[in-house]
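**Q** Sharing a model that was predicted from the sequence below.
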Amino acid sequence: MLQKVTGLYMEGALRPPTSGLDSYFMNAVNGVRMYGCSSVSPTRNHLRISEWHDDASLNPADVTDVVVRGLVGQLAGAEKAMVNNTAQDYRDLDIEGRFVGGTDAWRWTAGGARAVQQCRFAIWSRGHAGLLFNGPSTWANIQRVDLRPLFGQATWNPASVATGATVTTTIAVAGAVLGDRVEFTFAVSAGGLVPFAYVSAVDVVTVGFMNATGAGVDLASGMPKVWVYKV
């Protein structure tokens, strides 16, 4: 438990199974950095940022400037990452984690107005029984990032590409929206062509090649694959 701590650096910690407890608990902290920490089978949460059991008699204070990177958790009994507070404010929280199992992957029960400055939560999760993000109806100052990539593929036999020209095709990727980041592979020789890929419409990724070689190029048939990341 971290309570009323200012200025702490933690790296590579491993929390074994805990009975009736959260693996990592923060209350009234400021300037905390956690990198590469792990948690296995806590009864409650892998990470909880809260008043101490919501007991206002302990005089909790605001939580500010908390950065968590590479938090890995498996098989939580409750939510995997939780912000739980009714009276205090949150500022500059930046949390990234990868989780397996549990109920909600991330839960904010403090009310949206409690995030008085920008807070960011980036989550990769599978096997959870609830929601990926469970929180208030108003998400002002709370950025949610789904780290799980969307995926799509298709069979494509590109037409011959004249010098200075491009050739394209589209791939259906459910959930893709304009502005998402795209990675693209094509398992044949590109023949010197320049590949590109982008979300061109909701649920649609356009991939293609531009020919700047000075001669026509006819690519072999193959299967383009795309991964779409939320930013």
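**A** Received the coordinates, thanks.

**Q** Now do the helices in this protein.
**A** For the chain, applying DSSP state H gives no helices.

**Q** Show me where it dips below the pLDDT cut-off.
**A** 1, 51-60, 86, 231 (pLDDT under 70).

**Q** Following the record's annotation, map out the domains of it.
**A** Following automatic domain parsing, one gets these domains for the chain: 2-146, 150-229.

**Q** what's the span of the first one, first residue to last?
**A** Right, the one you point to is domain 2-146. Domain 2-146 has an end-to-end distance of 27 Å (criterion: Cα to Cα, to the nearest Å).

**Q** ok, now the shortest one?
**A** Using Cα to Cα, the end-to-end distance of domain 150-229 comes to 7 Å.

**Q** Can you add mean neighbour count and give the domains of the chain back as JSON lines?
**A** (C-beta placed from N, C-alpha, C; glycine too.) Converted to JSON lines, the domains of the chain look like this (neighbours: other Cβ atoms under 10 Å):
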{"stretch": "domain 2-146", "mean neighbour count": "18"}
{"stretch": "domain 150-229", "mean neighbour count": "16"}
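
**Q** Can you give me the distance of the closest residue in space to D218 that isn't next to it in sequence to F186?
**A** The shortest distance from D218 to any non-neighbouring residue, by Cβ to Cβ, 6 or more residues apart in numbering, is to S160 (4.1 Å). Distance of S160 to F186, given as Cβ to Cβ, to the nearest Å: 16 Å.

**Q** Now do the contacts for the residue nearest to D218.
**A** Shown in contact with S160 (Cβ atoms under 8 Å, 6 or more residues apart in numbering): 216-218.

**Q** Just give the closest residue to A61, not the sequence neighbours.
**A** Closest residue in space to A61, ignoring its immediate chain neighbours: A28 at 4.0 Å, by Cβ to Cβ, 6+ apart.

**Q** Hmm, the one you found is touching T64, no?
**A** No - judged on Cβ atoms under 8 Å, A28 makes no contact with T64 at a distance of 9.6 Å.

**Q** tell me the contacts of F151?
**A** Counting by Cβ under 8 Å, 6+ apart, F151 has contacts 173, 225-228.

**Q** In strands, which of the residues you listed fall?
**A** Among the contacts of F151, the members found in strands (DSSP state E) are 225-228.

**Q** Now those residues in TSV, please, with extra columns for distance to Y35.
**A** Output for the ones in strands among the contacts of F151, formatted as TSV (distance: Cβ to Cβ, whole Å):
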residue	distance to Y35
K225	31
V226	31
W227	25
V228	27
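
**Q** Tell me the one of those nearest V116?
**A** Comparing the ones in strands among the contacts of F151 against V116 with Cβ to Cβ places V228 closest, at 32.1 Å.

**Q** For that closest one, give the beta-bridge partners.
**A** L150, V182 (DSSP bridges).

**Q** From V29, how far off is it?
**A** 35 Å.

**Q** Please apply the same query to S39.
**A** From S39 to V29 the distance is 18 Å (Cβ to Cβ).

**Q** Repeat that for V202.
**A** In terms of Cβ to Cβ, V202 sits 40 Å off from V29.

**Q** just G164 next, same as before
**A** From G164 to V29 the distance is 58 Å (Cβ to Cβ).
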